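A.B. asks: I'll drop the sequence and a predicted model, then ask my questions.
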4 protein chains.
Amino acid sequence: SSSSKILIKGGTVVNAHGEEVADVYVKDGIIVAVKPNIKVGDDVTVLDATGKFVMPGGIDPHTHLSFEFMGTETVDDFFNGQAAALAGGTTMHIDFVIPISGSLTAGFEAYEKKAKKSCMDYGFHMAITKWDEVVSKEMEIMVKEKGINSFKFFLAYKGALMINDELLLEGFKKCKSLGALAMVHAENGDAVYEGQKRMIELGIFGPEGHALSRPSLLEGEATARAIRLAGFVNTPLYVVHVMSIDAMEEIATARRKGQRVIGEPVVSGLALDGSGVWDPDFVTAAKFVMSPPIRASGHDKALQAALSTGILQLVGTDHCSFNSTQKALGIDDFRNIPNGVNGIEERMHLVWDIMVESGQISVTDYVRITSTECARIFNIYPRKGAILPGSDADIIIFNPNSSFEITAKSHHSRSDTNVFEGRRGKGKVEVTIAGGRIVWENDELKVVPGSGKYVEMPPFTYLFNGIDKADAEYLSSLRAPVKRFKSTD
Amino acid sequence: SSSSKILIKGGTVVNAHGEEVADVYVKDGIIVAVKPNIKVGDDVTVLDATGKFVMPGGIDPHTHLSFEFMGTETVDDFFNGQAAALAGGTTMHIDFVIPISGSLTAGFEAYEKKAKKSCMDYGFHMAITKWDEVVSKEMEIMVKEKGINSFKFFLAYKGALMINDELLLEGFKKCKSLGALAMVHAENGDAVYEGQKRMIELGIFGPEGHALSRPSLLEGEATARAIRLAGFVNTPLYVVHVMSIDAMEEIATARRKGQRVIGEPVVSGLALDGSGVWDPDFVTAAKFVMSPPIRASGHDKALQAALSTGILQLVGTDHCSFNSTQKALGIDDFRNIPNGVNGIEERMHLVWDIMVESGQISVTDYVRITSTECARIFNIYPRKGAILPGSDADIIIFNPNSSFEITAKSHHSRSDTNVFEGRRGKGKVEVTIAGGRIVWENDELKVVPGSGKYVEMPPFTYLFNGIDKADAEYLSSLRAPVKRFKSTD
Amino acid sequence: SSSSKILIKGGTVVNAHGEEVADVYVKDGIIVAVKPNIKVGDDVTVLDATGKFVMPGGIDPHTHLSFEFMGTETVDDFFNGQAAALAGGTTMHIDFVIPISGSLTAGFEAYEKKAKKSCMDYGFHMAITKWDEVVSKEMEIMVKEKGINSFKFFLAYKGALMINDELLLEGFKKCKSLGALAMVHAENGDAVYEGQKRMIELGIFGPEGHALSRPSLLEGEATARAIRLAGFVNTPLYVVHVMSIDAMEEIATARRKGQRVIGEPVVSGLALDGSGVWDPDFVTAAKFVMSPPIRASGHDKALQAALSTGILQLVGTDHCSFNSTQKALGIDDFRNIPNGVNGIEERMHLVWDIMVESGQISVTDYVRITSTECARIFNIYPRKGAILPGSDADIIIFNPNSSFEITAKSHHSRSDTNVFEGRRGKGKVEVTIAGGRIVWENDELKVVPGSGKYVEMPPFTYLFNGIDKADAEYLSSLRAPVKRFKSTD
Amino acid sequence: SSSSKILIKGGTVVNAHGEEVADVYVKDGIIVAVKPNIKVGDDVTVLDATGKFVMPGGIDPHTHLSFEFMGTETVDDFFNGQAAALAGGTTMHIDFVIPISGSLTAGFEAYEKKAKKSCMDYGFHMAITKWDEVVSKEMEIMVKEKGINSFKFFLAYKGALMINDELLLEGFKKCKSLGALAMVHAENGDAVYEGQKRMIELGIFGPEGHALSRPSLLEGEATARAIRLAGFVNTPLYVVHVMSIDAMEEIATARRKGQRVIGEPVVSGLALDGSGVWDPDFVTAAKFVMSPPIRASGHDKALQAALSTGILQLVGTDHCSFNSTQKALGIDDFRNIPNGVNGIEERMHLVWDIMVESGQISVTDYVRITSTECARIFNIYPRKGAILPGSDADIIIFNPNSSFEITAKSHHSRSDTNVFEGRRGKGKVEVTIAGGRIVWENDELKVVPGSGKYVEMPPFTYLFNGIDKADAEYLSSLRAPVKRFKSTD
Ligand SMILES: [Zn+2]
Ligand SMILES: [Zn+2]
Ligand SMILES: [Zn+2]
Ligand SMILES: [Zn+2]
Ligand SMILES: [Zn+2]
Ligand SMILES: [Zn+2]
Ligand SMILES: [Zn+2]
Ligand SMILES: [Zn+2]
C-alpha cells in the first residue's frame, strides 16, 4: 500500500545523541536511511518536514490501560488509549500486568488478551503482589519466555497490592538474578492507611483528604527505604512516579554515591500543582486524585530542574483514566475515588512546553527523556527510541512554531474530564508514524485495531553492566572470613 | 551516721548552665546549699575539692542489667552493675524492662524484683514487642501508675523483638497520648536477616560476619523511617545508640527542619572503631559484638562532632555485658554471639577524655551530655542532673589532673573482658556520692544492696511542650473539609 | 527611694535551665533572693506576678542606635531607642561601634558620647572596615581596655564597609588571638553591586529592586565562605541576621561537622515575608528595605524551625530605624533608601507569639533565645540573662493571657512607620525592671537619661573553650614535618 | 600512501550512544563508513579488531604543554607530549593559552607557535588573569576569530593568576554574551596563601606542606562561590580538576537544582590518594605536588562514584609535567616546587581500569567520559568524539583482555618520574589512529611533527541551549518595576 514507503524530507532529525538536517526513508515499517537528499520513486509517500523536528515517537514507560482497580476499570483500553497516545505523538507504551490472585501467568494471559486490539506497539512490566516459590518461578518464566524485564513492587495500597520489606528483599534478589529491573511505587502504605483514618476522624471525606492523608514525607520515606534495600542487594532500581522533592532528593543523593537509581517523574507531577483537590466542585477535585498525590507548588519546579540535569531520567504518565461517573464512587469518601489521571496523549506536548520552551533543556534532551532513555532502560534501543537505519519506523513530525490546546472536548481519551483542561502551549505533533504507517496527520487518526505488536524486552539492560564485577570487588573488600585461632590462658 | 552530712569544699561546682567556685553542703541525701564559704559543725564529713570539679553524678540512659537475652543473661546484675557504675562516677541509670510473653505488667514485676538489690537510684524504660488492646492498656498503667515515661520499639531482631511499621505507628500514637517518649532501636531487621543469611552463604561464620551483615546503611534506613513516622504522628522521638554517620545525618536533617528528635550515641561508638571484630582471636573479636555494630573509623569522629554542637544530645552505654564463656555460644556462628558490650563504668572517664580533653566541649557541656540532659528528657530534672539546693545528692568529685586506665583486671563488672582494655586518659572520678552517701573514695567502693531507690519518671517531659498548639496549627493549616457543591450539566 | 527594693511575688520564675514558682527579691539593682515565700518589710515595693512569668529582661544582640549611615542618621538614639526597648521588655542591647575613618578609638569615643544618655544597660561590638597595623593594635586595646569582645566584618556594602577575604582572614586570626568573637554580615558585596546595576539597567528603581538585586543565594555564598574561612583559622564565628534558608543550611551543616558557628536570625526575618517591598505605596514598600532583604515566604518558617531546635541560637533585631522622610532619599533609586527596619521594641512580643504560642518552643527556650544565650555568648552570664541571686535586676513580668498590638501610632520609636504595623498576638510585657528600677508598668515608661550603664564584656567566652586543645590535636595530626632523605641514583 | 585508507574489521564499535559489531572504513582522514562486512580493495590497510573495542580516540580537556610556570617550563612540549598521548590512546587535547602580560593576543600567538610541531589535533582554552576593556575586547576576538570558546579563571595563585570576585563576575558576563564557557580553578587563593604561611611558621617546608596548606575545604569554598556567581549571572560553568568530595558535593547540589555545572575530575584524583607527598624521599614526594592537591583516601572513591552516575561528566589530566630536577627547585620550600603531574598518556588506561574493570561503568560510558562528552561540551561533536560517517578518523583499538603497566622507564613523557609508577591493570590501547594515520601499533609510535591540526571550537555549545528563554522567564518572574503611587496623608 501507499503507506509502506515514506520519505520525510528536509526536517531536522533529532536523536538523543545529536541532530542534523536530513531526510528519513521508511520502508516496511523500518527506517532504512537517514541522510540528506534521499531520492525515491513515485510509490513513496513524501512528507515535507522543512522547519520541523523529526523525532522518535514517544515511549510512555508507565500506563494502565484496561486496568481493573478499586472496583472499576479504566475507561481507556488498549485500542482507544493507544489511539489517544498516537494523536499525542507517543508510539509505544509499557503497561503494568497485574497478577490474578497472585498468579503472574494468569495475569499475563489476561493482558495478552486485552492487548489484542492494540494499534501501536507495547510492552509489559509485571507487578508482584505476593511471594512464594510459585511467584519466584513465574518471574523466571516471564523473563525467559515472555519478554518481561521489569517487576514492580508496591510499598503502598495496604491490604491490596502492598508488600513488606521481607518480600521486597526477596523480589530484589530475584530481579537481580534474572537481570530484571526492580520498580517501586514508593509510599509508606502503613502510614497512608493511618493518614486516611486520621482524615476520616477529622471529618474530612472529600478529595482534599486524599492529598492530606499521604504527605510527601511518606513518599520520601519509602523512596529512601527502597533505595537503600536495593543498594544492599546491589541491584538497579527504578522509582516510578517521583512526585516530590522528598523522593527526588533521595534519588539525587543515591546517585551521587554511585548507586544505579532511575527516577521517573510523570507529566501530571511536572505540569500541575496540588491545588486541584481543593476545588469546591467534586467532579473537578476528584479528577486530580492519584497516588502519590500531585504536590504543592514548588515540587513541580524542583522536579523539572532535576530532570533537566539528568538527576531524573525519563518522563512517564501513570495514565490511568477514570471518568467522572467512576470518580463519583468516592463522592462520600475519598478513599473510594479511583486513583488515576490522564496523560498518555498530553505528555509529549506538555514536556515540550515545560522543559524546552522554558529553556530548561535542548531538543536532544527532549528526545532522550521522552523516548530514548526509556528504550535504553528497557533494553529495546536502538530498535526503539532512535531515528537510525534499522530502527522501527516510530516517528513524529513536530512543529515548534505551531501550538496546542488541551480539552476534554477534543481529546481522544474516553474520559469526560482532563486534568490539563484548558492548558495551551507552543509546539504541535503534526504527524505520527507508527510501525511505518501514518496514523496521525491533519488532526486525524487512522488507526487499525490489531496493528500494534508486542515488544519483548530482554533482561540485563545496561543498568546491569558491571554489577558482577562490583559484586566481586565487594566480596574482596570484606577481608573475611578471618582465619582464627583461639586464645588460651 | 557520719555520712549523713557532707561538705564538699572549694571545688568548682559545675552545672549544665554554669560553673562557679563554691562549697556544696549535703544533708540527709539532699543538697541543701551551694555557695562559697559554708560553715558547718564537727559532725560533718568534709571533702576537699580544691582544684577539682564537683559535678552531678552521671546518668546512664541506656543499660541492660540482669538482661535475659539470646539464651543467656548478662553478667552484671542490679547490684554489681551499679557498683561498677558508681566506681565510674555514674549515680543513676535507666534500664529497659522487657515484657514477658508480651505482658508489660509481668515484665515490670520481674524487673522490680531484679532491682531490689540496687545500690544506686534507677529508672525504667519499657520495651514494646507486640501490639494488642492489652498492651495498649498496660502502657497506660505503666505511665500513670508505675513511673515509666518512655517506650522502646525495636526495628531489628526479626522474629524476636522486632515490630513492623503498623505497630510502630500505633505505638507512637499511644506514646503521644500518654505523654511518653517513643524510643527506637533503628536497624532494618528484615535486611539484617538477609545480611546474616548472605554471610552464612559466603562461609563467614566469625564475629566479622556480624558487622558485615548489618552495614550502616541499614541503620540509616531505619532511623530515617522512624523519624518520618514520628514526624507524621507529631510525637517526639529518641533514637538509642546512634552508631553511624548515616543515622546521625538523618537526625541532623530532622532537627534542622524543627522536628523533636533526640540522638543518643553510646560510649563504644564514640571511643572505638569497628576493627575489633576482625581480630584473629575469637575471644577478642567476640567481645566487640553489639548491635548496631561499632562502625569503621570516621563514624566515631563524626559522632563526636555532632555531639559537640548539640546535634546529638546525650551519651549512653547500652551496657549489656557478657563474659567470654557466654560470647563463646557463637563460636561457630556469629548469630549466636550474645550482643553487647560494657560501658557503665567507663562512660564518664571516656567522654571526658574524648570530648573535653580533646577540646571539643566545655566542662558545662560535659555535665549536660552525661547527666543533665538525660534528667531533663526523662523529666526528673532538677531532682537529678544538677547541683542545686533541693537536688538529690548524687555528686562526683573529678580531678582533671589525675588519670585513668581501663582493664578487665581491675574493673568492677563481672565480665572477664573489657572492650576498652588498655585505654588510658586524663581525668579521674575520685569521689562518688550517691543518695548522700560516699560510695567511692580512694579507689574503694562502699555500697549497700537495697540502698538504691526507684525513680518514678512523670510523663509530658519538655519535649511535649507546645505539641498541642502545633497540632492545632496543623489542623488549621489543612483548609479542610472543603465545602462542596456538585456541578451539574 | 521606694524603687530600691522590690519583691515580685508568686510568679513562675523562668530561667533557660528551668522554671519554678518563686518570689524574687531585688535590692540596690541586684537580685538577692529567688525562693518561695520571701518575707519583706514595708519599704519594699511588691509586685504581684501570680499567673505570670517572671523572666530575665531581653538582650538584643544587634542594634544600631544613632547610626550615621547612607547619608543620614537613625531616628532612634540611645535614649529613646532604649526607652522603646524597655517598653517591649528588653533591658540590654549590644550596639555596633563604627570606626571613624578606620579609627577604632575614634569610633569608640564617639559611641561613648552617644551613649551617655542611656536609660538601660548596653554593650558594644566593633566593626572592622579596613586593615593595617594600627587597626590590629586598636583591636587589642578594645579587648583589653575597653570591654569589647566581638568584631564585625562586612562582606557586603562594596566601596563602603566591605572587606575582602585577605582582610577577613587577618581579622579572624586577630580575633582568635584576643579571644574575641568574629561576626559577619554575610552577603557577597561584589555580586550585590552587580545585581544593583542589573536592576538599574532593567529600569527597576523602586524598593523591589533592592530585594531583587541581592537574592538569597548571595547570602548563602557569603555565609558558606565565612564559615569555611573561620573553620580554616579555627575560631568561632557569629553570623548576624540570618535571613534565608541558604544561610541557615550552611550553618546547620557546619554545626553538624562540629564547627562553632552561631546563627542569629532577626525578628523581621522570622515574622515577615518579603512581599512588602512590592507594595505600590512607596512609603510602605521602602520601610521594609533592609539588608539582607526579608525573604519570600518559606524562609521565615524554616528559620523558626531551625531556631526551635538550636540550629540557630538567639534572636536579634538589627534595629536601625529611619522615618519615611529619610526613606524617601531613595524615592528615585532604591540604592539610596537607607537600609533598616525597627524591632527593638517588638522582638520580645513577636518571638513569644511566633515561637511559644505556636507550640514550637517552651518558655525556658524563650528565655534562652531572647536573653540567656546572648549573655553566654558575650560572656556576661549570669550577671545578665538569668534570674539568680547576684544577677543584675533586669526582669520582666510577662502575662501570657494578655495580648499585644503593634502600631506606629503607639510605639515608642521615633519612626513614623513600623514594619509590623497592625500585628496582634498573645502575651504582654506588663512590667519591666531595669537595673533594679521599675521602668515600665501600666503601659507607662519611667526612664531616666544616664541611668544605663556600659557593660564591659570580657574575651574568651565559652565558645573558645578547648580551642587550644583542638589546635594541639590538629598539629599532632599533621604528621609533619616529614624527616626526609634524598634518594640517590 | 598506504595509510590513507584503513579498514578496521570485526571489532565492537563503541559510541557513547551505543555499541555494535561493525567494520570501520577510513579514507583521507575521515570515517566514511561504519557497518558490517565492508568490502574494500587491495590498497586498503586492514586491521583486525575481532574481540576488541573500536572507540573514538580520547580527548583530554585539560593539559599544559610547553607551559612556563613557576620559573620553569614543563618538559613535555606539543610534539613529545602529544606523542605520549597517542601512545596512550588520546588523539586530541585542549591546552590552556596563558596571556602574556595580560595580553590574550600575545598569548595566543605564542601558543600558535608552540603548537606548530603538533603531531595530533588540539584546541585551546584561554586563561583570563586580569580585567580591562582590552581584555574584554580580546575575548571577543578570540571567540569570533580564533576558535576559542572557553575561558578559565583562577581563584587561586594569589599574586600571579588569581582574580577576585568582581573580575569573575565581569568575566562570567562576558563569557555569557559571547557564548563561551567559563571555567574555574577553584581554590580560595587568599586562604591558600595564609595556609602556606602557617606551614612555614610551623617549620614544615617539605612537600607535605603543600597538601596541608590547602585542605579540601578551600576547594569546596571556591567551588561553591564560583557556582553561585555563575548561577547569579546564569551562565554555564566548568569546574576543572575536581579533586575533593567538598567540591563534588557542591556540583551535585547545583545540578540537582537545575544549574548547568560541569565537573571535571582528573586521572590523578581518581587513581591516587594523597599519601605520596609524605614519602620520605623528596623526589618521590615532590612528584605528587599539584594543585588542588591529591586528597586523602576516600575522595578518590567518591569522585569515581559521582563520575559513574553523571554527576561529574568527563575526565581530564591537568598534564603538567616537570622532571625531578625541576621539582627540586622546591627542595627547601614546597612553595617553589613546580605544581603538576603527568597523565596524558595514562588517562585512557587508568580510567578503563578504575571505572570499567571495577564494574562502575559500561564501555559506552567510558567513551562518553573520555571523549564524547568533551567533544560535545566544546562544540566539536560529532566531528570528534564519535565513530560515525563523517567524523574525523581519530580511533583506538582497545584490547580488554590485554594489560598495561606504567613506569617512567618506558613512558613517552620526557619526565624522569611518573606519579603512577608501577601501576598495572587490564586493557590495552593496541592501535591509535589519528587524523586517519596509524600512529601507534605494536608498541611503536609513528608520529610526524606538524601533522596535527588546530581545531577551532565554535561558541554557543549545547550548554547554552535555552539560556535566552530561561532569562526571559526570569525577567517575567520579577513582577517589576512596580507601578507606584505616593501615599498622602
Ligand atoms: Zn503507582
Ligand atoms: Zn501506575
Ligand atoms: Zn538496641
Ligand atoms: Zn540496648
Ligand atoms: Zn548587616
Ligand atoms: Zn546590623
Ligand atoms: Zn588549575
Ligand atoms: Zn591546569
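C.D. replies: On my side now, so go ahead. Ligands and ions are numbered 1, 2, ... in the order given.

A.B. asks: any idea how far A:Ile467 is from the residue nearest to A:Gly310 when sequence neighbours are not counted?
C.D. replies: When the adjacent residues along the chain are set aside, A:Gly310 lies closest to D:Gly310, with 5.2 Å between them (CB to CB, 6 or more residues apart in numbering or on different chains). In short, each C-beta sits where N, CA and C put it, glycine included. Applying CB to CB, to the nearest Å, the value for D:Gly310 to A:Ile467 is 18 Å.

A.B. asks: tell me the SS of the residue nearest to A:Gly310?
C.D. replies: Recorded secondary structure, D:Gly310: coil (DSSP: H, G, I helix; E, B strand; the rest coil).

A.B. asks: hmm, it is touching A:Gln313, no?
C.D. replies: No: the pair D:Gly310 / A:Gln313 is not scored as a contact, 9.5 Å apart, by CB atoms under 8 Å.

A.B. asks: more neighbours, the two?
C.D. replies: Of the pair D:Gly310 and A:Gln313, A:Gln313 is the one with more neighbours under other CB atoms under 10 Å in any protein chain shown, namely 23 against 19.

A.B. asks: that one contacts A:Val261, doesn't it?
C.D. replies: No: with contact defined as CB under 8 Å, A:Gln313 does not count as touching A:Val261 (9.3 Å).

A.B. asks: without its sequence neighbours, what residue ends up closest to the residue in the stretch 301-450 of chain A that chain B sits nearest to?
C.D. replies: Of all residues in the stretch 301-450 of chain A, A:Ile331 sits closest to chain B, at 7.9 Å by CB to the nearest CB. Ranked by CB to CB, 6+ apart and with sequence neighbours excluded, the top spatial neighbour of A:Ile331 is A:Phe282, at 6.2 Å.

A.B. asks: I'd say that neighbour and A:Gly206 touch.
C.D. replies: Yes: with the criterion set as CB under 8 Å, A:Phe282 and A:Gly206 qualify as a contacting pair; they are 7.1 Å apart.

A.B. asks: who touches both of those two?
C.D. replies: B:Arg484 (CB atoms under 8 Å, 6 or more residues apart in numbering or on different chains).

A.B. asks: of these two, who's got more company?
C.D. replies: Legend: neighbour count by other CB under 10 Å for A:Phe282 and A:Gly206, higher for A:Gly206 (27 against 21).

A.B. asks: gap between the more buried one and chain B?
C.D. replies: Here the criterion is CB to the nearest CB, to the nearest Å. By it, A:Gly206 lies 5 Å from chain B.

A.B. asks: do A:Leu161 as well
C.D. replies: 16 Å.

A.B. asks: and that residue, how many neighbours?
C.D. replies: The number of residues packed near A:Leu161 is 20, by other CB under 10 Å.

A.B. asks: what sits closest to it if chain neighbours are left out?
C.D. replies: With CB to CB, 6+ apart as the criterion, A:Leu161 has its nearest non-adjacent residue at 3.9 Å, and that residue is A:Phe154.

A.B. asks: same check on A:Val233?
C.D. replies: Excluding the flanking residues, the one nearest A:Val233 by CB to CB, 6+ apart is A:Phe172, at 4.3 Å.

A.B. asks: isn't that neighbour right up against A:Leu229?
C.D. replies: Yes: because the distance of 6.3 Å satisfies CB under 8 Å, A:Phe172 is recorded as touching A:Leu229.

A.B. asks: after the host helix or strand of A:Tyr193, which helix or strand is next?
C.D. replies: A:Tyr193 belongs to helix A:189-201 when elements are defined using DSSP states H and E. Per DSSP H and E, the first helix or strand lying C-terminal to helix A:189-201 is helix A:207-213.

A.B. asks: mean confidence score for that following helix?
C.D. replies: Here helix A:207-213 scores 98 as its mean pLDDT.

A.B. asks: would you put the C-alpha positions of the helix or strand following that helix in CSV?
C.D. replies: Once the chain leaves helix A:207-213, the next helix or strand it forms, by DSSP H and E, is helix A:216-233. Written as CSV, here are the backbone C-alpha positions of helix A:216-233 (Å, rounded to 0.1, in the frame of the first residue of the first chain):
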residue,chain,number,x,y,z
SER,A,216,5.3,13.9,50.7
LEU,A,217,7.3,12.8,53.7
LEU,A,218,5.8,9.3,53.3
GLU,A,219,6.9,9.2,49.7
GLY,A,220,10.4,10.3,50.8
GLU,A,221,10.4,7.6,53.4
ALA,A,222,9.5,4.8,51.1
THR,A,223,11.9,6.0,48.4
ALA,A,224,14.7,6.2,50.9
ARG,A,225,13.9,2.7,52.1
ALA,A,226,13.6,1.1,48.6
ILE,A,227,16.9,2.8,47.5
ARG,A,228,18.8,1.5,50.5
LEU,A,229,17.4,-2.0,50.2
ALA,A,230,18.2,-2.1,46.5
GLY,A,231,21.7,-0.8,47.4
PHE,A,232,22.0,-3.5,50.0
VAL,A,233,21.2,-6.2,47.3
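
A.B. asks: lovely, talk soon.
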